[in-house]
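Asker: Any chance you could fold what I've pasted below:
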Amino acid sequence: MSDRVLWAGIDEAGYGPKLGPLVVAGACFELPCPPEEGILWSRLKEAVAKKRRGAGDRLLVDDSKEVYNTSGGYRRLEEGVLSFLEAAGGKPDRGGDLVDALAPARHCEGEPWFHGAAGLELPFASNRSAVTSSVSALQRTLESSGVRVRGLWACVVLPREFNRLVQKMGNKSLLLFHKAGLIMRAIWDGSGVDGFLLVDRHGGRTHYRRLLRDVYPELSCDVLAESAERSVYGIGGPRGRLKVAFKKDGDSLALPTALASMTAKYVRELYMEAFNCYWQERLEGLKPTAGYGQDAYRFLDDIEDVLKAEDIDRDRLVRCR
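Answerer: Residues are numbered from 1 along each chain as shown. As a prediction, the model looks like this:
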């Protein structure tokens, strides 16, 4: 058994909107000691900050809602994701390369209004020199602290696949866990190392044992705690053990879960950039949308004449749940 352990997190972006993709992402680190929730912010503080205030040139890693906002854009979000991905060995130049590098399994093609995401040059909001500088500082800090970035992953669920799987599974919470399970298997397969995984809680769900048994059918799964605050499980066999915790606001508690939140948000924003550009090319002066709430319906009303002219059914754009 290795004396090193895995410290990982999973989160999503785009669970609630009517337009655009759902993205489920994960991040995993290898540590020389058992983790505590804030350990990586402490060990990597020379290159990484949790709060915007006082961060300076350090990478900002936190819940994506704290890193990204519409007024400030997603430069800090992009620099964080691309820097950690490069530290893990990936250096995508375009959006399509990024999605391929992150995918734990084959991803489905979407409608033509998403195709532009593949061609977006990266970095998109920042610049290569800024990312290179951040990567250099991050790699020095990782080496001195004995930490290794094991990997980043993301599942992109475009509306066509989303609607098909919700119809098949019955609800979108099972779809969310299905994709999270793909990332769990990519992070930890039970072979030769212990792991700790913090997942941002899926709504009000408290019981996860049956779902975890579907992810790891060959391994035991013990309930360690189930309450309104946290649900914790021990999964394992003779060659390693994984402790999985589901907690509300997990993306603000541990750096791997925060980085997963950022990765999911960044990938979703690239797809929404392509989506909005596609329709803006067809309708001058069209206001972009983030795909949420009433603004999604405003956007659909705005492009109604284009949909009719190109014989496109609204249902091809809109998620069923």
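
Asker: Hmm, Val135 is touching Val81, no?
Answerer: No. Assessed by CB atoms under 8 Å, Val135 is found out of contact with Val81, at 11.6 Å. Placement of C-beta: from N, CA and C, glycine included.

Asker: neighbour count winner among these two?
Answerer: Remark: of Val135 and Val81, Val81 carries more neighbours, 32 against 20, as counted by other CB atoms under 10 Å.

Asker: Verify the assumption that the more buried one is located in a strand.
Answerer: No. Using DSSP: H, G, I helix; E, B strand; the rest coil, the assignment for Val81 is helix, not a strand.

Asker: Tell me the predicted confidence for it.
Answerer: At Val81, the pLDDT value in this model is 98.

Asker: Quick one: residues contacting it.
Answerer: Going by CB atoms under 8 Å, 6 or more residues apart in numbering, Val81 touches Leu152, Leu259, Met262, Thr263, Tyr266.

Asker: Show me just the buried residues among the residues you listed.
Answerer: The neighbour count (16 or more other CB atoms under 10 Å) marks Leu152, Leu259, Met262, Thr263, Tyr266 as buried among the contacts of Val81.

Asker: Let's see which of these end up in helices.
Answerer: Leu259, Met262, Thr263, Tyr266 (DSSP state H).

Asker: Next up, the contacts around Met169.
Answerer: With contact set as CB under 8 Å, 6+ apart, Met169 has these partners: Leu175, His178.

Asker: quick one: it from Phe162, how far?
Answerer: Note on Met169: its distance to Phe162, by CB to CB, to the nearest Å, is 11 Å.

Asker: Give the residues shared as contacts by these two.
Answerer: Leu175.

Asker: about what we covered before: what is the most widely separated pair among the ones in helices among the buried ones among the contacts of Val81?
Answerer: Greatest spacing in these, by CB to CB: Leu259 and Tyr266 (10.2 Å).

Asker: Spell out the residue ranges of the helices in the stretch 151-300 of the chain.
Answerer: Secondary structure of the stretch 151-300 of the chain (DSSP state H, counting those that start in this stretch): helices located at 159-169, 172-187, 209-215, 255-280, 293-302.

Asker: same for the shortest one, what does it pack against?
Answerer: With contacts defined as 3 or more CB pairs under 8 Å, 6 or more residues apart in numbering; DSSP states H and E, the secondary structure elements packing on helix 209-215 are helix 172-187, strand 220-226, strand 230-237.

Asker: and the ones you listed, which is most packed in?
Answerer: Ranked by mean neighbour count, these are led by helix 172-187 with a mean of 20 (mean count of other CB atoms under 10 Å).

Asker: Off-centre distance for that one?
Answerer: Distance of helix 172-187 from its chain centroid, counting by CA atoms, centre = their mean, to the nearest Å, is 11 Å.

Asker: what does it contact?
Answerer: Residues outside helix 172-187 that contact it (CB under 8 Å, 6+ apart): 6, 8, 10, 12, 15, 22, 24-26, 28, 104-105, 150-151, 153-155, 157, 162, 165-166, 169, 195, 197, 199, 202-203, 205, 208, 211, 214-216, 244, 321.

Asker: Emit the ChimeraX select command for whichever of those are buried.
Answerer: Only the buried entries of the contacts of helix 172-187 go into this ChimeraX selection, using 16+ other CB under 10 Å:
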select :6,8,10,12,15,22,24,25,26,28,104,150,151,153,154,155,157,162,165,166,195,197,199,202,208,211,215,216,244
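
Asker: Dump the ones in helices among the buried ones among the contacts of Val81 to TSV, plus pLDDT.
Answerer: Output for those, formatted as TSV (pLDDT from 0 to 100):
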residue	pLDDT
Leu259	98
Met262	98
Thr263	98
Tyr266	97
